[in-house]
Structure formats: C-alpha cells, structure tokens
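Q: Generate coordinates for the sequence data below:
(one chain, ligands or ions: 2)
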Amino acid sequence: MDDFYALCKKFNLRATPQRVAIYESLLNDTTHPSAENVHQRVKKIYPNISLDTVNRTLLCFSEIGIIQTIPCSGCGRKYDPNTKAHHHLKCLTCGSIFDFYDARYDRLMMPAKVTKDFTVFTKRVVLSGVCRQCKQKKRRNYSHGRIRTKN
Ligand SMILES: [Zn+2]
Ligand SMILES: [Zn+2]
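A: Ligands and ions are numbered 1, 2, ... in the order given. This next block holds a predicted model:
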C-alpha cells in the first residue's frame, strides 16, 4: 500500500477512496483478474461505481506502473498487481493465467531487425498451453471413457 500512495503522489493522482478500493481489491491477487472481475469486487463497497470507471482507473494504474496489464489474445485485458519482472503461462482450456519467473527471459535479447526501428521498454513472455489441472481432468475423463466402453 505504501508503494501505491508513493506512486500516486509522484504522478499527481489523487488517492480517492474508490481508487484505493480498486487497488486493494487487486492486492495480493495472483489470478490476473479482468476489469469485470475487479468491478464485481469493488461494487460490493461502492455499489454505484461503473465498469467504465474501473476500466479507466486500471488503465491509469498501469500507465504509472502501479499494476501490470497482460495483453491476452482472446480473453481481453487482464491485470496484475505484481509489478516485479515475471512472465505468464496461459491455459487455453480454462483461461487461467499463472506467473513464472525466469532470469533468462528477463534478459531476452532482441533481434536487430526489431531494435532497428523500435525501442523496447518491457519484455514479457506469455506461453500458452494446458495447465496441470486441465491435463488431469482430461486424463480422468479418458479413463472414465475407457471403463464405460468396457462395460
Ligand atoms: Zn487449465
Ligand atoms: Zn503475473
């Protein structure tokens, strides 16, 4: 929370009670929620807050580095209060996003053809695949199927 107030002050963003509530609802959240998820949570405290306000606040937070956004193809934008350098695994079956840390990925070398015309600020890797839970569920379904066909 101290970092939050410090960054608000640095960027002249007023720490209004609604903004504080939006940030608090994200704090320690590792599930990478969408703006809709955050809106549902904050609505419990501020029933009149609009999704638009939540959306704009989250974008503003990410612009000044209070939170990270994860560009996510096919699932809209997701938000992450963890601003440490890290990368993401996206499950294509259940849509979950998991964190992973890898120092080599943090130091990814950019190809010269990219840096020639483009200045890279952040390097975040999103790997897509199937998570352990979905893999286990799939395996269980298969074994059930096999039992059924035997009978
Ligand atoms: Zn999954
Ligand atoms: Zn993350």
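Q: Look at Thr122 and report its pLDDT.
A: Thr122 carries a pLDDT value of 81.
Q: can you give me phi and psi for it?
A: When read as degrees, to the nearest 10, the backbone of Thr122 gives phi -130, psi 150.
Q: That one - how many residues pack around it?
A: 6 (other CB atoms under 10 Å). (Each C-beta comes from the backbone N, C-alpha and C, glycine too.)
Q: Show me the helices in the protein, by range?
A: 2-10, 17-26, 35-43, 51-63, 103-106, 112-117, 132-150 (DSSP state H).
Q: List just the one of those helices that sits closest to ligand 2.
A: With CB to the ion as the criterion, ligand 2 lies closest to helix 17-26 of the helices of the chain, at 11.3 Å.
Q: what does the closest one contact?
A: Applying CB atoms under 8 Å, 6 or more residues apart in numbering, the contact partners of helix 17-26 are 1, 4, 8, 13, 33, 38, 41-42, 45-46, 49, 53-54, 57-58, 61, 66-67, 79, 81.
Q: touching ligand 2 at all, that helix?
A: No. For helix 17-26, no contact with ligand 2 is found by CB under 5 Å from the ion; the gap never falls below 11.3 Å.
Q: Go through that helix and flag the buried ones.
A: Applying a neighbour-count criterion of 16 or more other CB atoms under 10 Å, one finds Gln18, Arg19, Ala21, Ile22, Tyr23, Ser25, Leu26 buried in helix 17-26.
Q: Dump those residues to JSON lines, plus pLDDT and distance to Arg124.
A: Output for the buried residues of helix 17-26, formatted as JSON lines (pLDDT from 0 to 100; distance: CB to CB, whole Å):
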{"residue": "Gln18", "pLDDT": "96", "distance to Arg124": "28"}
{"residue": "Arg19", "pLDDT": "96", "distance to Arg124": "25"}
{"residue": "Ala21", "pLDDT": "96", "distance to Arg124": "27"}
{"residue": "Ile22", "pLDDT": "97", "distance to Arg124": "22"}
{"residue": "Tyr23", "pLDDT": "96", "distance to Arg124": "21"}
{"residue": "Ser25", "pLDDT": "95", "distance to Arg124": "23"}
{"residue": "Leu26", "pLDDT": "94", "distance to Arg124": "18"}
